[in-house]
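Enquirer: could you work out the structure for the sequence below:
(chains A, B, C and D)
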Amino acid sequence: MNKTLSGKLKKLLFISSAILLFGSANAAAIKESVSGKAVDDATIAAGKTLFEGKCQSCHAINNKLVGPALKDVHKRRTYDWLTKWIRNNEALRKSGDKDAIAVFEANNKAVMSAFTDLKDDEVAALVMYIEDASAGGGVAVPVAGGATDVVAAPVDPQVVSKVNWVLIFLFLLVGVILFMIVKIIDQVSTIRGKDVIKWNDINAIIFLIFMIVGFIVCVWEFYVHGKLVLPEAATEHGRKLDQMFDITLFFTGFVFVVTEFLLFWFAYKYRGRKGKKAFFYSHNNKIEALWTLIPAVVLTVLVIGGLKTWRGITNNPERDKFNVEVFGYQFGWTARYPGDDGKLGKSNWNLISNDNLLGVAIKDRAENLIPVLEQDIKDLEKLKKELPEKLEELKTTLGGLVGEERKVHLDKIAEIENGTAKSDLEKTISNRTIQINRIKVSLETENAKAFYDNTGLDDIIVNNEIHIPVNKTVTFKFRGRDVLHSAYIPMFRTQINVVPGLATEVVFKAIETTKDKKEKLKKPDFEYWLICAKICGAAHFNMKLKIVVDTEADYKKWISSQEGAFTKKAEAPAEEVIKKDTTQKTLVIN
Amino acid sequence: MSQTATHNANAHGHDDHGHHHKENFFTKYVFSQDHKMISKQFLITGIIMGCLGMIMSILFRLQLAWPDSSFPILETLLGSKWAPGGKLDASFYMGLVTIHGTIMVFFVLTAGLSGTFSNLLIPLQVGARDMASPFMNMLSYWFFLASSVVLTISVFIESGPASGGWTIYPPLSALPKAMPGSGAGMTLWLVAMVLFIGSALLGGINYITTVLNMRTKGMSMNRMPLTIWAFFFTAILGLLSFPVLLGGSLLLIFDRSFGTSFYLSDIFLNGEGALANSGGSPILFQHLFWFLGHPEVYIIILPALGITSEIIAVNARKPIFGYTAMVISIIGIAFLSFIVWGHHMFVTGMNPLLGLVFMVFTLIIAVPSAVKTFNYLATLWRGNIQFTPGMMFAIGLVSFFISGGLTGIFLGNAAIDIQLHDTYFVVAHFHLVMGCAAIFGMMAGIYHWYPRLYGRTMNKTLGYMHFWLTFISAYMVFFPMHFIGLAGVPRRYYQFSVLPEFGVWDDVNVLITMAAILGAAAQLLFLYNFFSSIFFGKKSEQNPWKANTLEWTAPVERIHGNWPGAIPTVYRWPYDYSHPDYEDDFVLQTVPDKGNEESIAHSQTAPVTPEKTNSPEVVHFSALLLRWLGLRNA
Amino acid sequence: MSTDSSATVSTTRTWSGGRSPFDVSYGKLMMWIFLLSDAFTFSSLLVGYGAVRFSYPAPEPLVEKIAPMSHVSHEFVDEMQHIGAFSEKHWPSPDLVFNHFPFLHGIHLPLMFVSLMTFILIFSSVTMVLAVEAGHRMDKKKVGVYMFYTILGGLAFLGCQAWEWTQFITEGATLSHNPFGPAHFAALFFMVTGFHGFHVFSGVVLNVIAYISAKNGVYEKRGHYEMIEKVGLYWHFVDLVWVFVFTFFYLI
Amino acid sequence: MHTDNSNEYVPETYVPHVESQGTKEIWRTLTILGILTVVDIVLYFAMPLTGFRNVVFILLGIIKAYYIVASFMHMKHEKVDLAACILVPIILVFGLIAGLLYEGNFWLAS
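Expert: Below is the predicted model of the structure:
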């Protein structure tokens, strides 16, 4: 990182606020944990990994994102409560836990995902990491500032506000001085009857200086910041795209220099002088034609180049050879690999549930979902019936409450009284009914066999990182479930929106493994990332998924170490059988 | 004249008010139907909205520059919900970005810019007593004001303002549960926009009618100043594109509130499927939105270019170079702007084959833009440039238009757009080419026509300081952003923490924010200058810049009807600056031809005489269409 | 020289200023421009409809399978769903959806009612244009009579539309649900015909105002009946839009 | 138009005098529109559901639109410049139509 002018300015003006204590301590900052487990760096590190994979898209330690800031959460709640909440917050809420409901209400009723498959150790590690981070500690993993980083408590407000006042004062002072100067110049000009300053000449000269300095700064920018732009593309088409970029940069750069130069040079050269008369010259059709044609020709070149490149990228003949599904949601990414059968199972958003977050078409899961939903409807109906009683209760407990609590209480009363509570419940019930119907239809109609074809059973679902083999054309199939996201992989030069209801895809061939790129760039912590580039909500800035490009051998090793998502807990022999069946089937088909 | 003048209350039964003899405070300043007063109302509302937008940008720039610091003053100002502990909330950050964009695009650069100057200049420069329908003109302002008020209120409601970006892409904007701002804030945003569309249509119909129907004697289309050409086509663009947004918004309103699913499908949100909704397509909205959205860009920049054409010609004391080419460019840009909307959607899931078509048209649009730029340069060449504050801003506009326009060639190329779409590169591009350039056009117009508005001039010294500070700070803000974008940082990020590589831009962000604060401070100079000059500015002569156009032939005193006597007759085009046959370096449009003038320039110089009537006019598709449509001639 | 050229300019060509190039008053020009703009609003809705429509397979030609039509609403729909004429998968054939006629329940009369509506609108357009013509002759009485018929036609059309909506809704169609096929079919139907109906309604209101003014002799005093022409332009535009709504919703 | 010392704005009040052209054309247009609508209905039952039939319907619609605009809305009798100014911008809709229908097809395919 270069300490540029701006860096110095930053130091100069915000000395006090710049005292940011980046967590760098190696040792853990806590002695004991509420989880009762022994504190050690390895556990904390494991907790951090878990946090990054599962929590950080919605939570930060110090900031409120979608969910609340997690600093000192272990002091606010019991460990037992935390475990329950993390595993299945919805169940906890339904059990009538007051705290759980309060948290839910306080966060815009945003539903947190359930993590039912977290093991005890994992929950403990997660909590330990949060404790450690709250206490200002941190494992020695360098991460640039921000949500996941362990930032010290905000700077003492007193200091900051003093700095601000000083700044404002300085600011005003400069303003007043400038204003005085202007007034003096004006006064003198009025007295003398003509301008003291020859504005025409001065401005012309400043324009010239601005041009010279501007060009110098431009070159400096290209030299300094130009180095910080994306390194060479790691995909085949990316290289072509970069080439196209360079060609465009060449032409536009040339035009930029020439026209800006002429603009400021003319401004300087032909500044107005007394007694001079401009050259009366109103048109010249030949010149017009010339400078219509030249840009047209240049643009034709660019258009043809662009058309070829674009077509090459979007019309890749090798698409669908190797598919990976990437699933975008608020606020994270999940990927799904075809299992041994080489086919991605079908999916439908109606099947999404706590144990099937991608809505993969698995027959028994779909069947099991129906009673769950039916139970839900029953619960909701009960809630609906109890609304008048609840209103009474709320009204009786209202007395004595003050401040924020009273406001929440009043809101709730209002919600029931004006019928929104009821209509919300009814909407949910109707949605559930629709969902049940759709699932039933999908199970019963003739297409059911084709839809629940069990190809999804052995699919592999990964949350943390995607691995892909090098030098092989890969198709990423994108699917979303809530709002638009944009799957942007800067290093691969690929981007496509994730559109709920519309299948989108990118096809590319990575030509450099992560390892090679690390060595080439001499950055040991370099990774390929998939990030979100389309505004999608509060934590939009925080959605990422690591992509690892492996050699063919490494990839094989990795993929074979992964378990099928629906065969993982394959204690039940029935599923084993099904799995075997499917493999046989695919064999036959193949 | 063959026209029969009869006194009718006009189509809408209200224009009888033109006859009022006594004016009280309300009829003069509030419910005025005088186009000059309405112009001032647009301008001042626009400036106020501009200040709001600017303050918002400073707020979120603070967050970007010092993401880990706390500014207690923010908590005092915004409350603990939106700035807990003096740190901007992520949702509110999105809201600020959204409302900043909305305000700047629609309220400042559409209504504030073209509303102000179309109102002021169209009647004055074409030689009309007022707009065709002063009542509708007033209504247009009141719709605009109502819309501004609704949008401003939406910032302060409890659940927060709309926060899905100014493009309000569904499903984010269609699902109230998707984020806090998608609730009541979004509803108010849509209400504001419907009101705004009403305002734009009422205004646009008026502008077009006035230009077509109410030009004074001798003001043929090819003698109109380029400002009028620009406003004319701006109005046409607005008239034809805003209705499409209206259609799109209606569908969105129904999706939000009445259970339809035009834009929704496969939604599972907040632990629950919005399951009644299926089968829609978010892409549909994007098409409808950008069918407005792209012409909207030209609605913003064309008036600025028109103003610049006028000011550069006046202050270079030279005729604008290539008047006809300039007009053709405006027409070309206006036409092409309707068939390039898809370049905003190359990677949004649009059919890639359509991308090819849109790419071709998009890059073609660079040609007329280039022609305009070259013509500006040619106008400056061998001029006698007077650096009035207006002229400074006009030159600044040309500079921005070049810098920002060229990066458009990258973005218009579908292939390169894959990498640059929705990154800071885009932010840099459009802020330069339609943000800064258009603001500079607006500033140029304000400084230039201030004497016409208020009869006084703005302080020159402050004007120069304002210009230089703004010019330099604007480049400092937006030039580095190109590099941030090239490093792959997406826009609308609350902080640059998602990838470790992005950390290197923290310093640059500080620099940009400093520059932005500097730029904002420079606007304080402008505000002071503007408002104090209304009362204390130096009294101006009638034609302070020695310009040729008609507005300077009308007295400065406020007269409803513009000219005390008969409307002047026009004998020449407006760009006879430094004409060799005249001693002065300007010849008013109302000066008759000497009869033996050497016609170096244009047919425009010569008066329209019966012999000359066969010469083709610029707008003359009639002859072509006659044959083409087979309609009979009247 | 000056007086000379001023005389020449004012009589020169269409576009040289000092006169309306189109020989129309500004009010009429404004109405035209407004209608152009409004045409774009309708276009956006209809084009949106087109895009959605194109994203579903075309209706299946099953007409021959529907023999004697027992049109008691729910049974009919069930039957159609059973034979596959109505399913969420493809766009329904409009003649199976809009095949009712008031007082003639149970008879399959595709297109008849909507044709009636079309004719009502065309006739009201004719009376409108007759009112305009009477206005040209400064015939106050005739203007009144024809305006009255036009208003009657407009109200009749609105009534028909109300009946059709009621029928459609009682058969189970809402903005989010449609027993005949994709929910979009119903939603877009309500949107587009609703928006058109809203225009008809405003047209009727304008007509009523113009009618009262004409009765009161406002236009006679003014010396011309241009207001009737302007209102007429709007009314014909509503008719024009209906031509396309009819074509795209009911025929195709 | 304006007296020299008047500061009051009077809106342009020019209204061209239009002579009545009789009712013959109106009845003729009504007949044509009526016949075309009947043709529509007949074709609906007579022709098989094909793309060609849709094209015929659209063409008939455009012809009807022509008669409404030209005759009822008086466009035929206006100056050709007005007709051009109002009709030419309609071209821009075709871009939207082409683009969106193409897109609709794309959604169907995917």
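Enquirer: hey, let's count contacts and neighbours off CA atoms from now on
Expert: OK.
Enquirer: let me know the pLDDT of the residue in the stretch 251-400 of chain B positioned nearest to chain C.
Expert: Nearest to chain C, among the residues of the stretch 251-400 of chain B, is B:T260, at 4.9 Å (CA to the nearest CA). Looking at B:T260, its pLDDT is 89.
Enquirer: residue contacts, it?
Expert: Each residue near B:T260 by CA atoms under 8 Å, 6 or more residues apart in numbering or on different chains is listed here: B:254, B:277, C:175-176, C:183-184, C:187.
Enquirer: report the two of the residues you listed separated the most.
Expert: B:F254 and C:A183 (13.3 Å; CA to CA).
Enquirer: pick out whichever of the two has more residues nearby.
Expert: C:A183 (26 against 17; other CA atoms under 10 Å in any protein chain shown).
Enquirer: got the contact list for that one?
Expert: Contact analysis of C:A183 by CA under 8 Å, 6+ apart lists B:260, C:88, C:174-177.
Enquirer: residue numbers of chain D in contact with chain A?
Expert: Within chain D, the positions near chain A by CA under 8 Å from any CA of the partner chain are D:107, D:110.
Enquirer: circling back: give me phi/psi at the residue of the stretch 251-400 of chain B closest to chain C?
Expert: Backbone torsions of B:T260, given as degrees, to the nearest 10, read phi -80, psi 170.
Enquirer: what ranges does chain A have for its strands?
Expert: Taking DSSP state E, the strands of chain A run over residues A:323-329, A:332-337, A:460-462, A:465-469, A:473-480, A:485-489, A:494-498, A:504-509, A:528-532, A:544-550.
Enquirer: between the contacts of C:A183, which is nearest chain D?
Expert: Checking the contacts of C:A183 against chain D with CA to the nearest CA, the nearest one is C:E88 at 13.7 Å.
Enquirer: what is the neighbour count of the closest one?
Expert: By other CA under 10 Å, 19 other residues sit near C:E88.
Enquirer: what does the domain assignment say about the chain?
Expert: Using chain A here. What automatic domain parsing lists as the domains of chain A is A:19-154, A:198-314, A:323-334+A:455-589, A:363-451.
Enquirer: if you could check chain D rather than the one you did, that'd help
Expert: According to automatic domain parsing, the ranges for chain D are D:23-74, D:78-110.
Enquirer: and the last one, how far out from the chain middle?
Expert: By that I understand domain D:78-110. In terms of CA atoms, centre = their mean, to the nearest Å, the centre of domain D:78-110 is found 14 Å from the chain centre.
Enquirer: and that domain, anywhere near chain B?
Expert: Yes - with CA under 8 Å from any CA as the criterion, chain B is reached by domain D:78-110 at D:78-81, D:84, D:89, D:92, D:95-96, D:99-100, D:103, D:106.
Enquirer: now, those that are in helices?
Expert: If you go by DSSP state H, these have D:80-81, D:84, D:92, D:95-96, D:99-100, D:103, D:106 in helices.
Enquirer: could I get those as CSV with distance to A:Y555?
Expert: Output for those, formatted as CSV (distance: CA to CA, whole Å):
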residue, distance to A:Y555
D:V80, 72
D:D81, 70
D:A84, 66
D:L92, 52
D:G95, 47
D:L96, 46
D:G99, 42
D:L100, 42
D:E103, 38
D:F106, 35
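Enquirer: where does chain D have low pLDDT?
Expert: Scanning chain D for pLDDT under 70 picks out the ranges D:1-13.
Enquirer: no wait, the stretch 401-550 of chain A
Expert: Judged by pLDDT under 70, the stretch 401-550 of chain A has its weakly predicted residues at A:403.
Enquirer: picking up where we left off before, figure out which of the domains of chain A is closest to chain D.
Expert: For chain D, the closest of the domains of chain A is domain A:323-334+A:455-589, at 6.5 Å, according to CA to the nearest CA.
Enquirer: quick one: that closest one near chain C?
Expert: No - applying CA under 8 Å from any CA, one finds domain A:323-334+A:455-589 separated from chain C by no less than 11.3 Å.
Enquirer: swap in stretch B:106-123?
Expert: No - Stretch B:106-123 stays clear of chain C (CA under 8 Å from any CA), getting no nearer than 12.9 Å.
Enquirer: re the thing from before, so for the contacts of C:A183, which is the shakiest by pLDDT?
Expert: Lowest pLDDT among the contacts of C:A183: C:E88, with 79.
Enquirer: about what we covered before: so what's the residue nearest to the residue of the stretch 251-400 of chain B closest to chain C when sequence neighbours are not counted up against?
Expert: Nearest in space to B:T260, with sequence neighbours left out and distances taken as CA to CA, 6 or more residues apart in numbering or on different chains, is C:S176 at 4.9 Å. For C:S176, the contact set (CA under 8 Å, 6+ apart) comprises B:258-261, B:276-277, C:183-184, C:186-187.
Enquirer: residue contacts, the residue nearest to A:I44 when sequence neighbours are not counted?
Expert: Counting by CA to CA, 6+ apart, A:I44 lies nearest to A:Y129, which is 4.8 Å off, once chain neighbours are set aside. Each residue near A:Y129 by CA under 8 Å, 6+ apart is listed here: A:43-45, A:47-48.
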